[in-house]
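Peer 1: Based on what follows, work out the 3D shape:
(2 chains)
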Amino acid sequence: MSASVLVPSVVSPVVVSLYVPAIFTGIIVGLIGLLAISYQKNDLSALILTDIVGIGMLILVAAVGTDLAESLILPGLVVELAEIMAISEILMSREMRKQGEKMGEPGKKVDLIPLPMSLDMEILTTAPAFMAIILIAYGAFLSGFTGGAIAGGGILFYVISKKIRGVPSGMWEGVAGVSGVAWCLWLVGFIIFFAFPDLWLLALFLAAFGIFIKVAFKAGLVGVMGREEFKKE
Amino acid sequence: MDITILGQQLLGYIPLGDIVLYMAPLNLFMFVSALVFTTLIAISRTETQVEAEFGTLKDRGVKVDIKEFKIRRFLAIVCGLATAGAMITGDLFDFTLFVCLIGIVNIGIVSAVKQIDVLNAAFQYGLVAMIATLPLFGGAALILASTGTISLLEIANIPTTAMMAFGSILLLLGVAGETGVAPFYATKAEMFRTPGSPFLLIIHLSSLLVIVRLIEILLIINKPF
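Peer 2: Numbers count the residues shown, from 1 in each chain, chains lettered A, B, ... in the order given. Predicted coordinates for the structure are as follows:
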């Protein structure tokens, strides 16, 4: 079975011929990342450059260019994010311990950002709301998973820029609660799909907006984690 | 060429939508042993390590407190379940995802410890594991592109091409990095020095079982016999 059999005839030959260059691009991106790691050996640079290697992986998967590849990129991306979060967590906890040991108290916790910096700038009060509104509106327009990610980015941006001042803890619980309700919407949408196929439009909208809100309010989860991490109310 | 290699007999399929799990004696044996081990560590208690210093009497017990113990047990169980899933899946991409999950959870199991050198080792292992996702997913994607399917049951019937062989070499590299076997073992060895032994053993067991399963998958893809 040759590859040409599997490609529908409506696909233009230009797109099909992009496959081999894309594979080479992916591998070259990976090699560049590895080369850069061999030059830049300090830990933080290595971590960031490793992410470039991961992007090479995404290019390789995307090069296949079918529906299946599209659905495979998402787990690839999630795995990539999960790994970089786990590793940066390790890096952070190691550095905090090192700092603590340097001060002579190994058990003591040190600040995450040990800088005498006053983060009280005009832009932190005006920009977040503006950016967040644009991102959330655009996300609502897109709906579904992509829209959820964009709107979630907006909420996260808002919250992170406000966090310097301290976000009230009640807000986090509210956001997490709405996230749970939205997930139920999504589930109900799915059940309607199977139980009453005639109502597919309703099910589609329930599922799309359920997952939109759910993904957007993943920020709530990050916030709850953040509160536990920094013990700030 | 059938999916049953090395004179195995196919005992049955478990069709879960488009994900078809298949059961042959080898897979089933590994699946059951992963589950049994997971159950054992789920009900066991953690050890207390004693750090001795040569020439002095300053021995010090390293205990794992209850919160850390719970997180670590949970992650060890997830690791065991991921290993068990990787044993019987009939889907190449599922396999790579399970392997990635094992890698992430392995980092997680040691991430909460207090020893700096262990955290250092975990960081290095994490970097290798992350780099290894390139050949791992890249190999699976190459095989997908050259066969048009990621179902092992279908791939078993497709004659091997050079692209598939290249893809399976990448897959081998990826799994080696992700589970931290031979060339990358140096990063992982330090991780076993953390207290909390029964949970750490799942790191060993998962990489062993995954390698055995990978060999089976490579035989199915490349059909040397």
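
Peer 1: care to break chain A down by domain?
Peer 2: According to automatic domain parsing, chain A comprises the domains A:1-115, A:118-233.

Peer 1: From chain A, how far out is B:Thr133?
Peer 2: Distance of B:Thr133 to chain A, computed by Cβ to the nearest Cβ, to the nearest Å: 5 Å. Where you see a C-beta, it was placed from the backbone N, CA and C, and this is true even at glycine.

Peer 1: just to revisit the earlier point, lowest-confidence stretch among the domains of chain A?
Peer 2: Here the lowest mean pLDDT among the domains of chain A goes to domain A:118-233, at a mean of 69.

Peer 1: I'd like to know how many residues surround A:Pro75.
Peer 2: Neighbourhood size, A:Pro75 [other Cβ atoms under 10 Å in any protein chain shown]: 17.

Peer 1: in the chain, which spans are helices?
Peer 2: I went with chain A, as the question did not name one. For chain A, the helices defined by DSSP state H cover A:3-6, A:13-17, A:19-39, A:43-64, A:67-102, A:122-142, A:144-163, A:169-195, A:200-216, A:218-230.

Peer 1: not what I meant, chain B
Peer 2: When assigned using DSSP H, the helices of chain B occupy the ranges B:25-43, B:66-88, B:92-111, B:116-147, B:152-155, B:162-179, B:185-189, B:197-222.

Peer 1: Which of the ones you listed sits closest to A:Ala195?
Peer 2: Proximity to A:Ala195 (Cβ to Cβ) singles out helix B:92-111 among those, at 27.8 Å.

Peer 1: Compute the inter-axis angle for that closest one and helix A:67-102.
Peer 2: Between helix B:92-111 and helix A:67-102, the angle comes out at 10 degrees (axes from the mean of the first three to the mean of the last three Cα atoms, to 10 degrees).

Peer 1: Which strands or helices does helix B:92-111 pack on?
Peer 2: Helix B:92-111 makes packing contacts with helix A:67-102, helix B:66-88, helix B:116-147, helix B:162-179, helix B:197-222 when contacts are defined by 3 or more Cβ pairs under 8 Å, 6 or more residues apart in numbering or on different chains; DSSP states H and E.

Peer 1: Tell me what angle it forms with helix B:197-222.
Peer 2: Using the same axes, to 10 degrees: helix B:92-111 against helix B:197-222 is 160 degrees.

Peer 1: Let's have the helices and strands packed on helix B:92-111 in a markdown table, adding distance to B:Gly108.
Peer 2: A markdown table is the format used below for the helices and strands packed on helix B:92-111 (distance: least, Cβ to Cβ, whole Å):
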| stretch | distance to B:Gly108 |
| --- | --- |
| helix A:67-102 | 6 |
| helix B:66-88 | 5 |
| helix B:116-147 | 9 |
| helix B:162-179 | 14 |
| helix B:197-222 | 11 |
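
Peer 1: deepest of these, which one?
Peer 2: Mean neighbour count (mean count of other Cβ atoms under 10 Å in any protein chain shown) peaks for helix B:116-147 among the helices and strands packed on helix B:92-111, with a mean of 25.

Peer 1: now that one: how far from the chain's centre is it?
Peer 2: Its chain's C-alpha centre lies 12 Å from the corresponding centre of helix B:116-147 when counted by Cα atoms, centre = their mean, to the nearest Å.

Peer 1: If you average the pLDDT over it, what comes out?
Peer 2: Per-region confidence: helix B:116-147 scores 85 on mean pLDDT.

Peer 1: Give the other helices and strands that it contacts.
Peer 2: In terms of contacts (3+ Cβ pairs under 8 Å, 6+ apart), helix B:116-147 is packed against helix A:19-39, helix A:43-64, helix A:67-102, helix B:92-111, helix B:152-155, helix B:162-179, helix B:185-189.

Peer 1: hang on, the earlier thing: with A:Ser17 as the reference, name the closest of the helices and strands packed on helix B:92-111.
Peer 2: Comparing those by Cβ to Cβ, helix B:116-147 comes nearest, at 13.3 Å.

Peer 1: Low-confidence stretches in chain B?
Peer 2: Low-confidence segments of chain B (pLDDT under 70): B:1-8, B:17-18, B:46-47, B:64, B:112, B:187, B:190, B:192-197, B:225.

Peer 1: interface residues of it facing chain A?
Peer 2: Counting by Cβ under 8 Å from any Cβ of the partner chain, the residues of chain B lying close to chain A are B:93, B:97, B:100-101, B:103-104, B:107-108, B:111-112, B:114, B:116, B:119-120, B:122-123, B:126-127, B:129-131, B:133-134, B:136-138, B:140-142, B:144-148, B:150, B:158-159.

Peer 1: so who does A:Gly210 touch?
Peer 2: A:Gly210 sits next to A:Ala182, A:Trp183, A:Cys184, A:Leu185, A:Trp186, A:Leu187, A:Val188, A:Gly189 when contact means Cβ atoms under 8 Å, 6 or more residues apart in numbering or on different chains.

Peer 1: so does stretch A:28-47 get close to chain B?
Peer 2: Yes - with Cβ under 8 Å from any Cβ as the criterion, chain B is reached by stretch A:28-47 at A:Gly30, A:Gly33, A:Leu34, A:Ile37, A:Asp43, A:Ala46, A:Leu47.

Peer 1: who wins for most neighbours among the residues you listed?
Peer 2: Neighbour tally across those (other Cβ under 10 Å): the maximum, 23 neighbours, falls on A:Gly30.

Peer 1: ok, it - contacts?
Peer 2: Contacts for A:Gly30 (Cβ under 8 Å, 6+ apart) come out as A:Ile52, A:Val53, A:Gly56, A:Met57, B:Leu134, B:Gly138.

Peer 1: likewise B:Leu16?
Peer 2: By Cβ under 8 Å, 6+ apart, no residues touch B:Leu16.

Peer 1: For beta bridges, what are the partners of it?
Peer 2: Beta bridges link B:Leu16 to B:Ile19, judged by DSSP bridges.

Peer 1: returning to what we had before: I'd like the contacts of A:Gly30 as a markdown table, with distance to A:Ala137 appended.
Peer 2: Formatted as a markdown table, the contacts of A:Gly30 follow (distance: Cβ to Cβ, whole Å):
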| residue | distance to A:Ala137 |
| --- | --- |
| A:Ile52 | 32 |
| A:Val53 | 35 |
| A:Gly56 | 34 |
| A:Met57 | 33 |
| B:Leu134 | 36 |
| B:Gly138 | 37 |
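
Peer 1: and of these, the nearest to A:Gly153?
Peer 2: Comparing the contacts of A:Gly30 against A:Gly153 with Cβ to Cβ places A:Ile52 closest, at 21.1 Å.
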